[in-house]
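K.L.:
sequence and predicted structure, then a few things I'm wondering about:
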Amino acid sequence: MDYDPDNIFAKILSGEIPSTRVYEDDDTLAFMDIMPRADGHLLVIPKTPCRNVLDASPEQLAAVMATVQKLARAAKVAFQADGITIQQFNEAAGGQEVFHLHVHVLPRHEGVSLRAPGQMGDFDLIAQHAEKIRAALT
């Protein structure tokens, strides 16, 4: 399948749709998930068109994973998390809903389950969580 330049993450990259950005470099963008399954749930995407890991270039994958590691470390510190869950889905049958490569980073605490998917988060709280992660990056 071809890349859809009108997907929601492409629109976030272009600024057509607002997002709570946490980190950005030349190749990647990290922003908060608006339907967080855990406090501090964020997404990392490449800035270049790419449907998923199946069509990503080695350079796109390397850039995304370097940012995932950086943000996972910061989120673990920011939320005093016991661990980090990294999720990445490919194609509809694999659970992918937005067809732009993205990796979920979720801070986790022992004994605390993830929230159900599809529930809109509190935007003020999401902004506070983003600030905690930004602070842990420095």
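P.N.:
Received it, and whenever you're ready, just let me know what you need. All values reported here derive from a predicted model rather than from experimental measurement.
K.L.:
what about Arg37, helix or strand, and which?
P.N.:
Counting by DSSP states H and E, there is no helix or strand that carries Arg37.
K.L.:
who does Thr28 bridge with?
P.N.:
Applying DSSP bridges to Thr28 yields these beta-bridge partners: Pro46.
K.L.:
I'd guessed it sits against Ile45; true?
P.N.:
Yes: here Thr28 lies in contact with Ile45, judged by C-beta atoms under 8 Å, at a distance of 6.7 Å. (Each C-beta comes from the backbone N, C-alpha and C, glycine too.)
K.L.:
next, show the common contact partners of these two.
P.N.:
Here Thr28 and Ile45 share the contacting residues Val64, scored by C-beta atoms under 8 Å, 6 or more residues apart in numbering.
K.L.:
give me the below-cutoff pLDDT ranges for this protein.
P.N.:
Applying pLDDT under 70 to the chain flags no residue at all.
K.L.:
report the central residue of it.
P.N.:
Here the mean C-alpha position of the chain is nearest to the C-alpha of Leu43 (C-alpha atoms, centre = their mean), at a distance of 0.4 Å.
K.L.:
just the element for it, please.
P.N.:
Here Leu43 is assigned to strand 42-46, by DSSP H and E.
K.L.:
go on, Arg134?
P.N.:
Per DSSP H and E, the secondary structure element for Arg134 is helix 123-137.
K.L.:
now the angle between strand 42-46 and that helix, please.
P.N.:
70 degrees (axes from the mean of the first three to the mean of the last three C-alpha atoms, to 10 degrees).
K.L.:
helices and strands around helix 123-137, which ones?
P.N.:
Helix 123-137 is packed against strand 21-24, strand 28-32, helix 58-78, with contacts defined by 3 or more C-beta pairs under 8 Å, 6 or more residues apart in numbering; DSSP states H and E.
K.L.:
among those, which comes closest to Ile8?
P.N.:
Closest to Ile8 of the helices and strands packed on helix 123-137, according to C-beta to C-beta: strand 28-32, at 11.3 Å.
K.L.:
and Tyr23, what does it touch?
P.N.:
Tyr23 neighbours (C-beta under 8 Å, 6+ apart): Leu29, Ala30, Thr67, Lys70, Leu71, Ala74, Ile133, Arg134, Leu137.
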